[in-house]
Every structure is written in structure tokens, then in C-alpha cells.
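Q: with the input below, show me the fold.
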Amino acid sequence: MRKKRFFSNSTFVAAAISLFLLTLLPPAVVAEPRLPHLFTDHMVLQEDMKISVWGWADPQERITVNLGPNTRETVATAEGRWDVSLPAMHAGGPFTLIVRGTKIVEVKDVLLGEVWIASGQSNMTYALGGAAGATEEVPAANYPQMRFFTVPKKIALAPQENTLEAAWEICTPDTAKIFSAVAYFFGRDLHKALHVPIGLLLSAWPGTAGEEWADPDSLRREPVLRPIVERWEAMPAEVTNFAAAPAEISLEFDDFELLPGAGSAGTPTLFCNFDDGASRAETGGVWTYNWPGAAGTAFDLVAPGRGGPGYAARVAGKLDGASSSNLQATFKSGGSPADLSSFLGMRFWARGKGAFQFQMLQPTISDWDNYSAEMIRATSEWQEVTIWFQDLKQTGWGVSEPFTAGALTGFLLNIMAPFGDPERPPSGLYHGMIAPLEKYRIRGAIWYQGEANTWRAEQYRTLLPSLIQGWRKGFGEPDSPFLIVQLPNLGTSPPLGDSTWAELRDAQLWTAKTVRNTGLAVTIDVGDSKNLHPPRKAEIGGRLALWALGTTYGREIVYSGPIYESMKIAGNEVHIRFRFVGDGLEARGEALKGFSIAGADRKFHWADARVEGNEVVVSGKEVSSPVAVRYAWAGSPEGNLYNKNGLPASPFRTDDWPGASAGKR
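A: Numbering: from 1, shown residues only. You can find the predicted model right below:
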């Protein structure tokens, strides 16, 4: 959770202005040579591969690089770039990386081990502190030879040479608590099995679509993907410009009032008007602003307020696509819940340049799917804004919770660019958050993404393989491992009809079966039908690690559940064969369920299924001449096929009939 800073008087306001102005000054001169932000103390370099070290220096400056027993020299180009390749080294350390030019740069506590990228959207960024079992897991997360590097959010329209500033961190309970739970469990299991240092590069962003992580050549090369680029190119200029440069915002707010219900006095209750020059509320609460999330902006109290005397609250500066700017208020001191059941809504005034959204905060919602109003664009003149609590709605991607008017902690104003919260460009995160890593040697990647692409699931069959190909080309590793988390169960869908979630899982399965050296962690049994962010991350990270150990690291283990291989029709029965049967197939708990069967009319009916050796035999009373079989084909299906090693079978279909997402681009 981001730290909040509370400004309650003019001294703090002045400090805020000073800090904001400092961000506008040109950067200080940095001694040469310079290294990318990836090269910091506690870093982990990939073992048994040539080691790339690169950076910047004065033109023609002679550079010497030393790591352990290896030394190499080079000369910076006329453009001030340099690059050396050191011989491969086995796992071990710590070492000190020394770079000598006109100055000496030392990077200390460098380890050699296994380095993996963890990427995707919110389920990859989901922190260990919120995962199931966190009470026990977090205090135990003390692994000095496991290290984390979190790539800062960055949108770019061209490949970047460097990440934004960041640093490697040693795995401790404090650092692990806020790091990716899936990546942590994956790395921990590898560390325990391999007994070598582990480096995890987390490059992920909640809510992002797959095309944002794909290289542009892949998107333009494939006809089925070109509409993604064309849709972006047709966006208004203000949206496309926002991807290249921040937008200026300046929003003022004043005179917040709680509106009474029908059975109470008709006079509104003052919540806050800032007239005393302090950002305190009449109910005892305070205002906070998230500086780390919007470093290019400042929170201030400015005079005059709406009525002439006094003050108004102002957020001003520049927002880019990676900024998260929230002005938040609590109803009571310490953020304890308040009973607002006697009020129907809130009224306040706003003006300026920018847009904002009102979101109510309640303790029962922990996944940020707050009850919210529609976005409002500010005008140059003061405008009255009335928020009726009955009109607030959850967005729908989180856990649905009833509105608790009797227990609300506060509200926030989510501040946006003047044109709202625009789409991000395709390849924008590839350029900003993957390209800067491509010279860094890695073993492979783990990928947890797809939720944002479910409505275009058929297209994902092309998008994901293209993304993998683009990454491998960029990293110069044409066969590097790429391990995919298949989406878990979520929501509802017609049990015998089309399901875009099932189609997306099928696209992930298709990729794992057709693209060399890819893997699939099946998670259909660890999701939550009501929660897009299921907390059972240990199983997900563990299944990714199993696949890596069984393939990349050559361990003789069962590393996957049953994967559909082929079918054979015999009369009114269909015999299904699988890979990865392990010690045999079994139904968990009872007779097999989750299978459906169809004839030439393409209408599916529930089927009877039984295990015979390493096959599942499927039949249905309504289908005398079967043509196709599906298993676990729904948002939250009922399926219980496992191997005896405890790993679930992947949902599958034997047909290739068009589904709900067919033709959607």
C-alpha cells in the first residue's frame, strides 16, 4: 500500500511546492561511466551464460570491467555507449562488479544464479501479503540468496535503453510482503530445489492487455493482430499524445457537504471547506495525497476558496499514463469506519483542467473495486457536483460486496488527465518495461495474463505465440522457456454454451502445445468464482516451478496434470488420450464430471465419463454419433479429472468450432 502524507498547515504546503519544483530541475551531472538501473548492489546475474555489461560514458572513454576472475576492456563509442561480454560463470558469489573509466563504479554483493522475468497483469502483481497463508508465509520469507527487481511502470512509443530508477532487493519478510506472490512462490521453490541464487525481475502492470507487452513487428506482421494497431492509430490526437508526453492538470475542490436523508434535518452537514487553512474534516478525518504514485504533481491549499475567503484544495502538475493520483479523505481520525446511513449523498464543488472520479471506501472491499460514480470532467468555472450514494456502482471486476452505508471509512477523488483514463498504446509496455531488460541474460519467463483479452480470446491464439516469439528475438534467446499460467475458474457462463473464459484458456493451452519450450500451469481448481484475484497463489507459483524443474532443469518428476492429446471414436463412445498421466488418471472424490459431448449438429449435452487405464471414455444418451467432446468448458466449471500425482487436467475441447469471441479483433 502506498504511503500517504498529510499536510495540515502552510509549512507543509510550502514544502510540497518546493519538492514539486525540484522535480522540474534538470538532473545533476552524473559521474562517468554509468550503468543501467538493473546494475545495483544485490543483483543476480544468470549463471552459465555469457554476461553482458553495458552502459554510458564520455565518447572514446576507455572502460575496464571486472567481475571475479574475468576482466574485459572496451572504448565508448562516439555516442557515449559501451558494451562488454564476460565469460560465463557458475552459480556463486558474492562478487563485486567493478567498472573503471574516468571514475570507478562498484556494484557489490553480486550473485550468479538463475534469473527469471515475471510478467503479466494484476494477478502477477498481487502481493504476497494478500495471499492465502500470508500470516505464515511472510515471516518465513527470509532467503538472502533470493533477490527481487521491480521494473517501474513506464509507457513508451519507442524502445527504451534503461528502466526508470529502481534497485535490487534481498528477499526478507518486508520486501517479500509487497512483491509478487506468484513470482515469490515460484522463486522460492526453485531456490529450495536447485540450491542456487534466484533473481526475479518483476515487469507487470494490473489491467493490461497482452498487446501492450508485444513487440510492434509481431502486431503488424500478423493480419489478425493488425486491427489492434489500427484501432490505436485511429485514436484522438490527445490520447496518442498522452502516451508520449504527460498531460497538465490543475483541479480545485471545495465545500464538501453530506446530504441528509428524508427523516433527518434538511440542512446539509459540513464535511470540509478548508477555510482554516488545514486539510482536516469536521468529522475528525484528514485528507491525504499519494505522492509516490504521481510524482509530477503537488497537493496544495490555495486562496481564495470558492466563496472568496478561505482556501480550496488543489492538485496540479503533470500526469502521465503510469501515474496514479488519488486525493483521499477519511471520515474519522485513524480511518475507523463511520455510520453514514442517515445521509443520502455528498455535494461539493470543483473546477480546473482535468477529470476525476468519486470513489467511496468501505472496509469490506479489499480489491480496489470500490463503489464509484461516473467520471466527471472539470470546467474552468466552479461547478456543483452531487454524488448520490444509491447511484454508486462497483466496476464489476472485483468481488461483489453490498454497499455498507453504516460502515464507511472515507472516499477518494481519482484524478485523471483532461480526457479521462485513456487506452495505452499497443507495444507501449514492451518498449518501456521489457526492451530495457533485453541485454540482461535470463533463463526464462513466467506469464500470468489474459483476463483483459478474454473478449478477444480467439485472437489470443495468435497474439500470445507472437508475443513469445518477439520476446525471444529481443533477448537473443530463440528457445528460452516461457511458462504460462492458465486462467483459473471465475464467474459463471452457460454450462453447455460458449464461454470466452474457456476460449482464452484454450488459447493458452494451444500456445503451450504448439510453441516450442513453453509450459502451462493449470489453475482451474484454485480460483474463486467471485474473485478475479484469487488468493491461492502458492499453488500457482508451485506449479510453474514444477514445470521449470521438470523441463528446464531436467528433474525426473511429474510436472503437469493431464493434457489432452487425441481422440478416437468407437461407436457411441469417444476415447480421450492424454499426455502427463503420471501415475495414472483419477476422479477426485467421485465419478468424473465436467464432460460434455456433441454430434454433427454441434449441440452439446452432458456426458457420462469414466477412466479406463490412461484414457477417459465419454458417451451420452442424447448423442448416438459423437463428433466432439469438451471438458471443463465454462467460466467456473465443475471438473475433477486429475492424475494420481495431484495435478489437475487442463480444460480442453476436441473441436475447433467458432466460439463467442470468433471474429472479434
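Q: contacts only, for the spatially most central residue of the chain.
A: With distances taken as C-alpha atoms, centre = their mean, the residue of the chain nearest its centroid is Gln121 (2.5 Å). With contacts defined as C-beta atoms under 8 Å, 6 or more residues apart in numbering, the neighbours of Gln121 are 204-208, 448-449, 451-452. Using the backbone N, CA and C atoms, a C-beta is placed for each residue, glycine as well.
Q: of those, which is the most crowded?
A: Greatest neighbour count in these, by other C-beta atoms under 10 Å, goes to Tyr448: 29 neighbours.
Q: these two touch, right, that residue and Ile117?
A: No. With contact defined as C-beta atoms under 8 Å, Tyr448 does not reach Ile117; the gap is 11.8 Å.
Q: does Pro465 belong to a helix, a strand or coil?
A: Assigned state for Pro465: helix (three-state reduction, DSSP: H, G, I helix; E, B strand; the rest coil).
Q: pull the number of nearby residues for it.
A: The criterion is other C-beta under 10 Å. On that basis, Pro465 has 19 neighbouring residues.
Q: could you pull out the strands for the stretch 1-150 of the chain?
A: Residue ranges of the strands in the stretch 1-150 of the chain, as given by DSSP state E, counting those that start in this stretch, are 44-46, 51-56, 62-67, 70-75, 81-86, 92-100, 104-120, 143-150.
Q: residues contacting the third one, please?
A: If I follow you right, that is strand 62-67. For strand 62-67, contacts defined as C-beta under 8 Å, 6+ apart pick out 33, 51, 53, 55, 57, 71-76, 82, 84, 86, 89, 95-101, 110.
Q: ChimeraX command for the buried members of the residues you listed?
A: A single ChimeraX command selects the buried members of the contacts of strand 62-67 (16 or more other C-beta atoms under 10 Å):
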select :33,51,53,55,57,72,74,76,82,84,86,89,95,97,99,100,101,110
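Q: rewinding a little: would you turn the strands of the stretch 1-150 of the chain into a markdown table with mean pLDDT and distance to Leu413?
A: Formatted as a markdown table, the entries for the strands of the stretch 1-150 of the chain read as follows, by pLDDT from 0 to 100; distance: least, C-beta to C-beta, whole Å:
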| stretch | mean pLDDT | distance to Leu413 |
| --- | --- | --- |
| strand 44-46 | 98 | 41 |
| strand 51-56 | 98 | 41 |
| strand 62-67 | 98 | 50 |
| strand 70-75 | 98 | 52 |
| strand 81-86 | 98 | 44 |
| strand 92-100 | 98 | 46 |
| strand 104-120 | 98 | 29 |
| strand 143-150 | 98 | 27 |
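Q: can you say which of those strands is nearest to Ala545?
A: Closest approach to Ala545 among the strands of the stretch 1-150 of the chain (C-beta to C-beta): strand 104-120, 10.0 Å.
Q: may I see the buried residues of the closest one?
A: 105, 107, 109-120.
Q: dump it to CSV, keeping only the CA atoms.
A: Provided in CSV are the C-alpha atoms of strand 104-120 (Å, rounded to 0.1, in the frame of the first residue of the first chain):
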residue,chain,number,x,y,z
ILE,A,104,35.2,3.9,-10.7
VAL,A,105,31.8,2.3,-10.2
GLU,A,106,31.4,-0.6,-7.8
VAL,A,107,28.4,-2.9,-7.6
LYS,A,108,28.6,-5.0,-4.5
ASP,A,109,27.1,-8.3,-3.3
VAL,A,110,26.6,-9.7,-6.9
LEU,A,111,25.4,-13.3,-7.1
LEU,A,112,25.4,-15.7,-10.0
GLY,A,113,22.3,-17.9,-10.2
GLU,A,114,19.0,-18.4,-12.1
VAL,A,115,17.2,-15.3,-13.4
TRP,A,116,13.6,-15.2,-14.5
ILE,A,117,11.2,-12.5,-15.7
ALA,A,118,7.7,-12.4,-14.2
SER,A,119,5.2,-10.5,-16.2
GLY,A,120,1.5,-10.0,-16.8
